[in-house]
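Asker: the sequence and its predicted three-dimensional model are supplied below.
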Amino acid sequence: MSVTRRSFVGGISASATVLASGSSLAKGKYDFGASDTEIKIGHTNPYSGPASAYGVIGKAIEAYWKAVNDQGGINGRKITFISRDDGYSPPKMVEVVRQLVEQEKVLCLFNTLGTPTNTAIHKYMNARKVPHLFLATGASKWGKPKEFPWTMGWQPDYHTEGVIFARHILANVKDPKIAVLMQNDDYGKDYYEGFREGLGKSVDQIVKHVTYEVTDPTVDSQIIQLKDSGANAFFNITTPKFAAQAIRKAADIGWKPAHYLNNVSASVAAVMKPAGFENGQGIITAQYLKDPTDKQWDNADDMKTWRAWMAKYNPGGNTADGFNIFGYAVAYTMHKTLEQCGDDLTRANVMKQAANLKKLNVPLLLPGITVNTSPTDFYPIQSVSLQRFKGETWELFGDVMSNEGA
Amino acid sequence: MTTASPADTAAHESVATPVSTSVTSGASDRWAWGLVAVGIIIPLLGYVVPDIVSDYRLFLMSTMMIYAIAVLGLNLLTGFNGQISLGHGAFYGVGAYTAAILMDKVGMPYWTLLPIVAVVCFVIGFLFGLPALRLEGIYLALATFALALAVPQMLKYRWLEDLTGGVQGIVLLKPEPPFGLPLSEDQWLYYYCLIVMVILYWAAANLLRGRSGRAMMAIRDHSMAASTMGIDVARYKTITFGISAAYTGVAGALSASAIAFVAPDSFGFFLSISLLIGLVVGGVASLAGSVIGGIFTVLVQNSSQSLSNFVKSDLGLPFDLSPYSVYGILLIVLMYVMPTGIAGGVAIAWRRLRR
């Protein structure tokens, strides 16, 4: 009983101090997770389990906040970054997120990773009215301010990219007959729907649409079917292993359509090299971040700053790993959002400022790509640059392609 | 023919001892009911000390109970019947999906589902038990391992996608308190899990106390001797497999309600391993051990991360201990100190104290 009474008294006095500091002394407006000296940000990442390769992003973001704190924090407040392991498992995700929100009382959740994991907490975050910002997933369902006003994605969503590829085909391929190879899941469908939307009235130009399962060993038979359809343009919605197979098989059977490859498989090391450089010449893909292995950025200021930061704050990190670029750029976006909040660090204002980013220049994005949001536009990045494979690397061409405002 | 080495028999004896104390003696019954009473009171403390008994902690305790039920199911099979399963995560997943599909597609209320889920999982477990009869020991372990790997893939399968939602899974509603009871969602979930756990625990205790329980254990200890005594080994083995799958499936259905979302990624192979770890750590062939195992699974996975942070930032040790290394070290220490699981270890310690 004495224990109960003591903690009861403790609770009362603690809440009294909170009230006191909230009313008289504070210079700003605060919700849970923010004060004159501190901003608490919650984060989850699969540090273990099948998707643990993504754990690099969490480490990079942690290093970013360390650098921010060393430079005096944001408007004089230090960032407390609490990162938990979700193991890419939805039930585990629910558990750790509830811990972050209810026990740690973070101001907002930032860059949680994965489509199934974020789906598991989507309703919860919106019922609790806690900002759920800049998620690390490309699904298009994170940008619905009407139904889910507390959730916002970050990277160009698959839908947008599909629209952009469709427009490029219509503008550049004469009398297109289009073949589509698609992974049969939500990621593939997101791309395909965007692609159909981009084609608009010309949607019947798709002469053949075949799918494969992640569990299939190869996509050889699908490629043969696509070739037999007589198509002269090919939209390749595949993950790296299948992308490499598709490129190689198409070359083997002598099919040479205008080949569009989704951003998911835009890696030289994981796709183009195993497919054989000679088989991949002329393939077009989309990109929004600078590739750290691309020599053309070696003298860019943001790349130099990033390399210096990597050396100082993330010395164990791999400088050839694009995830370190991603972590830095997305953390910068969060940094600017909180800076814009000023002394009003309520959850409502964090969300309001996240939806009020106007032509924000984020380092390491390709030239011409900026972050834009509004109360009706919850898709921060909606532009990509197209690039064509030449020799042993990607080469940017043309202007930035955008689906902004759509 | 002596198949069991002396060491094995010794292990069996020490493993089996907690059973006699926990299943048959009246004193432990009183203990059990006392614990149930404490379980009923805990959420009500939330009105007195809301900081300590928060909704989050209640949710965590519900998760523990759900795992406890799943471990109990595995214990019936492995602990009391001697069949090793590395694939109970599969039944857990099937239970969760059965519940989710019935709620989402058929629109049935969550509280009507558990009997249906139990029947579905019993049938699947029974059918799986038929071929498993030919497999003993590690061969059965391997077959169930395959099942655990296959189920998440099957859930993604194209022809089932209309039903299962494919990789996107199914989003559900959280259970609402019935009859307008003034409880929060988490308090109700807690009571719901508690009620189900108490019923299932009681049913298992009764089953084991009776003739069928003795037959199950006789098969575990020496199946040839058991069949000489007239026990239908094949029937008991398959039915035990079915009951075990039904228990674990019910746990899965509860978890679907608790998390309000199911996806294939929720039922990966690691789930099966966690259940097995819970079983071994809690205490093989001990009902109380199953509950301890459920608590352990949730608690230690949770605290190993805080512990690893503690080692890194508070103790200031120069090395980076990942949560899984902490988990591993804890397991090794536990197995060394209490080779018969926590329940067994406590029982032995208790007997030494009384001597």
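Answerer: It's in.
Asker: determine the three-state secondary structure at the closest residue to residue A:46 other than its chain neighbours.
Answerer: Beyond its immediate neighbours in the sequence, the residue positioned closest to residue A:46 (Cβ to Cβ, 6 or more residues apart in numbering or on different chains) is residue A:88, lying 4.0 Å away. Placement of C-beta: from N, CA and C, glycine included. With DSSP: H, G, I helix; E, B strand; the rest coil as the basis, residue A:88 sits in coil.
Asker: surely residue A:88 touches residue B:265?
Answerer: Yes - here residue A:88 lies in contact with residue B:265, judged by Cβ atoms under 8 Å, at a distance of 6.1 Å.
Asker: okay, and the common contacts of these two?
Answerer: Taking Cβ atoms under 8 Å, 6 or more residues apart in numbering or on different chains as the contact criterion, the residues that touch both residue A:88 and residue B:265 are A:116, A:117.
Asker: export stretch B:32-51 as PDB, just CAs?
Answerer: Only the C-alpha atoms of stretch B:32-51 are listed here, as PDB (Å, rounded to 0.1, in the frame of the first residue of the first chain):
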ATOM      1  CA  ALA B  32      -3.600 -20.600  -9.600                       C
ATOM      2  CA  TRP B  33      -6.900 -19.100  -8.500                       C
ATOM      3  CA  GLY B  34      -5.100 -16.500  -6.500                       C
ATOM      4  CA  LEU B  35      -3.100 -15.500  -9.600                       C
ATOM      5  CA  VAL B  36      -6.300 -15.300 -11.600                       C
ATOM      6  CA  ALA B  37      -7.800 -12.900  -8.900                       C
ATOM      7  CA  VAL B  38      -4.700 -10.800  -9.100                       C
ATOM      8  CA  GLY B  39      -5.000 -10.800 -12.900                       C
ATOM      9  CA  ILE B  40      -8.600  -9.500 -12.600                       C
ATOM     10  CA  ILE B  41      -7.600  -6.700 -10.200                       C
ATOM     11  CA  ILE B  42      -4.600  -5.400 -12.100                       C
ATOM     12  CA  PRO B  43      -6.500  -3.300 -14.800                       C
ATOM     13  CA  LEU B  44      -8.600  -1.700 -12.000                       C
ATOM     14  CA  LEU B  45      -5.400  -0.400 -10.400                       C
ATOM     15  CA  GLY B  46      -5.200   1.800 -13.500                       C
ATOM     16  CA  TYR B  47      -7.700   4.200 -11.900                       C
ATOM     17  CA  VAL B  48      -5.400   4.600  -8.900                       C
ATOM     18  CA  VAL B  49      -2.000   4.600 -10.500                       C
ATOM     19  CA  PRO B  50      -2.500   5.400 -14.100                       C
ATOM     20  CA  ASP B  51       1.300   5.900 -14.700                       C
END
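Asker: is any residue of that stretch near chain A?
Answerer: Yes - with Cβ under 8 Å from any Cβ of the partner chain as the threshold, stretch B:32-51 lies in contact with chain A, specifically through B:45, B:48, B:49, B:50, B:51.
Asker: now that stretch: mean pLDDT?
Answerer: Summarised as a single mean, pLDDT over stretch B:32-51 is 82.
Asker: and if you look at stretch B:229-236?
Answerer: 90.
Asker: list the buried residues of it.
Answerer: Of the residues in stretch B:229-236, those with enough neighbours to count as buried (16 or more other Cβ atoms under 10 Å in any protein chain shown) are B:231, B:236.
Asker: now do the end-to-end distance for that stretch.
Answerer: Length of stretch B:229-236, first residue to last, Cα to Cα, to the nearest Å: 14 Å.
Asker: wait, what's in contact with residue A:201?
Answerer: Under the criterion of Cβ under 8 Å, 6+ apart, residue A:201 has no neighbours.
Asker: try 10 Å this time
Answerer: Residue A:201 makes contact with residue A:170 under the criterion Cβ atoms under 10 Å, 6 or more residues apart in numbering or on different chains.
Asker: over to residue A:109?
Answerer: For residue A:109, the residues meeting the contact criterion (Cβ under 10 Å, 6+ apart) are A:41-44, A:97, A:100-101, A:118, A:121, A:125, A:128, A:130-135, A:150-151.
Asker: 7 Å instead, please
Answerer: With contacts taken as Cβ atoms under 7 Å, 6 or more residues apart in numbering or on different chains, residue A:109 has the following neighbours: A:42, A:97, A:100, A:125, A:130, A:131, A:132, A:133.
Asker: now the residues of stretch B:32-51 next to chain A as CSV including neighbour count?
Answerer: Compiled in CSV, the residues of stretch B:32-51 next to chain A are given as follows (neighbours: other Cβ atoms under 10 Å in any protein chain shown):
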residue, neighbour count
B:45, 12
B:48, 13
B:49, 16
B:50, 12
B:51, 14
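Asker: tell me how many other residues crowd residue 185.
Answerer: No chain was given, so I picked chain A. By the measure other Cβ atoms under 10 Å in any protein chain shown, the count of residues near residue A:185 is 19.
Asker: other chain: chain B
Answerer: Residue B:185 sits with 17 neighbouring residues when counted by other Cβ under 10 Å.
Asker: perfect, I'm done here.
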